[in-house]
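Colleague: Sequence plus the predicted model coming up.
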Amino acid sequence: MILGRVIGKVWATVKDPAYERRTLLVVAPLDPRTGARRGDSTLAVDFTGAGEGDTVLVVDEGSSACGLYGDDVPVKTVIVGIVDSFDCFGRTFVVN
Amino acid sequence: MILGRVIGKVWATVKDPAYERRTLLVVAPLDPRTGARRGDSTLAVDFTGAGEGDTVLVVDEGSSACGLYGDDVPVKTVIVGIVDSFDCFGRTFVVN
Amino acid sequence: MILGRVIGKVWATVKDPAYERRTLLVVAPLDPRTGARRGDSTLAVDFTGAGEGDTVLVVDEGSSACGLYGDDVPVKTVIVGIVDSFDCFGRTFVVN
Amino acid sequence: MILGRVIGKVWATVKDPAYERRTLLVVAPLDPRTGARRGDSTLAVDFTGAGEGDTVLVVDEGSSACGLYGDDVPVKTVIVGIVDSFDCFGRTFVVN
Amino acid sequence: MILGRVIGKVWATVKDPAYERRTLLVVAPLDPRTGARRGDSTLAVDFTGAGEGDTVLVVDEGSSACGLYGDDVPVKTVIVGIVDSFDCFGRTFVVN
């Protein structure tokens, strides 16, 4: 489970119809100590209506997604929340 | 969930019959910020008819594959979509 | 499963109501050989009442969370315990 | 899901009886672009009768193993196939 | 699934009662080619009665733990076996 920032979008023809109703976003991980991006970006299916520039809560799903999004969605990385602010070592970051 | 490019194919004798009806491809991860390859390539079972040179959507499956592809397929990495284009930091990449 | 230290907190608007009743903490991994922080910090959902500065037991959940916290919680990283002390190569660290 | 080469074997007393009927092999990952070993070796439970020197298909299992090998096998990494040949960037490697 | 050596122990107050009946050990990964430690140590729940200095078989569990240890145990990394010896590139290591 990581903090991320939406930096792009992907258009794809996906076999499974469940994907077609969702936006596929490019997310860059953020370091909660500095608020800066770190490491490789990833793709995530959005369940929150997030857009470019939003700071989001990204969950790298195992099968716990089964119950929430339906058994037949081969979802792995999902955006489950939009972050308002975070606090690390006493420093506060207001992001949305 | 990553962007990847198909760079090869594997022929194997697999115990499980479910694998035999599928193509096993070699996929190189792509960096969505540049469209260039990055990191180690991986093997993925194709569910889309993708071929060498295609840009694909690769899902590193946990058990969420159970519902879609049958309970007895020990599938881990699958190609679930063919990417048409992606957009990162305002730059657009048309790939197929 | 790692040792970690709570170093911050995140406020987010999460789609799933199960998250809203939980605190989302920033956790830095600890090296059990030295008691020092190492590597990238992560976010974790707290199930113990841990606060900043506490040394905690962090589990990177797959679907084993299903039974304990409900089937519809897309939880990935959780704090399941508060560490009292640990011992490594004969050296003891009393942390709480 | 990776290409690997069997480089050794492990003898262990495992609590779960399901493991005792299986060989535990040491597998080195192979780079499909060169056919050379890369990165750290891993342990894998063999389901194919593979032996030292064989090029194999290794799946890092989540719970999708449940259906195939029985619900009570805490299997994580398994050898599911023996590779005959692979092809990468137009270069063919015949390995068995 | 990796080879590891027990190098320490953790005392923690864990919410879930299933953890309280188990020992939580610090395990250092071993390189099967040399028998030496490599990489970061991890925590693992012991199911074998292993103690400091033992060479063990460590499984990074997904949900396959469900059947064996009960559905409500949020177990991720477990020690499932005690290693007697291993063999790599023709060299034999007798460890217990």
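Modeller: Thanks, I have the structure now.

Colleague: Test of understanding: give the bridge partners of the spatially closest residue to A:Asp54 that is not a sequence neighbour.
Modeller: Take A:Asp54 and drop its neighbours on the chain: the residue closest to it by CB to CB, 6 or more residues apart in numbering or on different chains is A:Val6, 5.0 Å away. For the C-beta atoms, the positions are set from N, CA and C on the backbone; glycine is no exception. Beta-bridge partners of A:Val6, counted by DSSP bridges, are A:Val27.

Colleague: now A:Thr55
Modeller: So, taking DSSP bridges as the rule, A:Thr55 has A:Arg5 as bridge partners.

Colleague: Help me confirm that it comes into contact with A:Asn96.
Modeller: Yes - between A:Thr55 and A:Asn96 there is a contact under CB atoms under 8 Å: 6.1 Å.

Colleague: Please say which of the two ends up with more neighbours.
Modeller: A:Thr55 (24 against 14; other CB atoms under 10 Å in any protein chain shown).

Colleague: so who does that one touch?
Modeller: A:3-5, A:30, A:82-83, A:95-96 (CB atoms under 8 Å, 6 or more residues apart in numbering or on different chains).

Colleague: Ok, A:Ala44 next?
Modeller: Per CB under 8 Å, 6+ apart, neighbours of A:Ala44: A:4, A:24-25, A:27, A:56, A:58, A:77-79, B:1.

Colleague: mind running it again at 6 Å?
Modeller: Counting by CB atoms under 6 Å, 6 or more residues apart in numbering or on different chains, A:Ala44 touches A:25, A:27, A:58, A:77-79.

Colleague: Check A:Arg22 too.
Modeller: A:Val45.

Colleague: Next, A:Tyr19: secondary structure please.
Modeller: Classification of A:Tyr19 by DSSP: H, G, I helix; E, B strand; the rest coil places it in helix.

Colleague: Please list all residues in contact with A:Ser85.
Modeller: A:94, C:11.

Colleague: secondary structure element for it?
Modeller: strand A:77-88 (DSSP states H and E).

Colleague: Can you give the distance of that strand from its chain's centre?
Modeller: In terms of CA atoms, centre = their mean, to the nearest Å, the centre of strand A:77-88 is set 8 Å apart from its chain centre.

Colleague: Show me which parts of it are buried, residue by residue.
Modeller: Neighbour-count burial for strand A:77-88, counted by 16 or more other CB atoms under 10 Å in any protein chain shown, picks out A:77-83, A:86-88.

Colleague: For C:Thr34, state which of the residues you listed is nearest.
Modeller: Nearest to C:Thr34 out of the buried residues of strand A:77-88 is A:Cys88 (CB to CB; 21.6 Å).

Colleague: so what pLDDT did the closest residue to that closest one other than its chain neighbours get?
Modeller: Nearest residue to A:Cys88 in three dimensions, chain neighbours excluded: C:Gly8, at 3.4 Å (CB to CB, 6+ apart). C:Gly8 carries a pLDDT value of 97.

Colleague: OK, contacts around C:Gly8?
Modeller: Going by CB under 6 Å, 6+ apart, the list of residues near C:Gly8 reads A:32, A:87-88, C:26.

Colleague: again, only using 7 Å
Modeller: A:32, A:86-89, C:25-26 (CB atoms under 7 Å, 6 or more residues apart in numbering or on different chains).

Colleague: Am I right that it is in a strand?
Modeller: Yes - under three-state DSSP, C:Gly8 sits within a strand.

Colleague: and the gap between it and C:Thr55?
Modeller: 15 Å (CB to CB, to the nearest Å).

Colleague: and if you look at A:Phe89?
Modeller: 16 Å.

Colleague: again, but for A:Gly81
Modeller: In this view, A:Gly81 and C:Thr55 are 26 Å apart by CB to CB.

Colleague: Now the strand holding A:Ser85: average pLDDT?
Modeller: Mean predicted lDDT for strand A:77-88 stands at 92.

Colleague: and the helix or strand just after that strand, which strands flank it?
Modeller: With elements assigned by DSSP H and E, the helix or strand that comes after strand A:77-88 is strand A:91-94. Strand A:91-94 pairs in its sheet with strand A:77-88 (antiparallel), by DSSP bridges.

Colleague: rewinding a little: between all of the contacts of C:Gly8, which two are at the greatest distance?
Modeller: Using CB to CB, those reach their maximum pairwise distance at A:Phe89 and C:Leu25, which is 12.8 Å.
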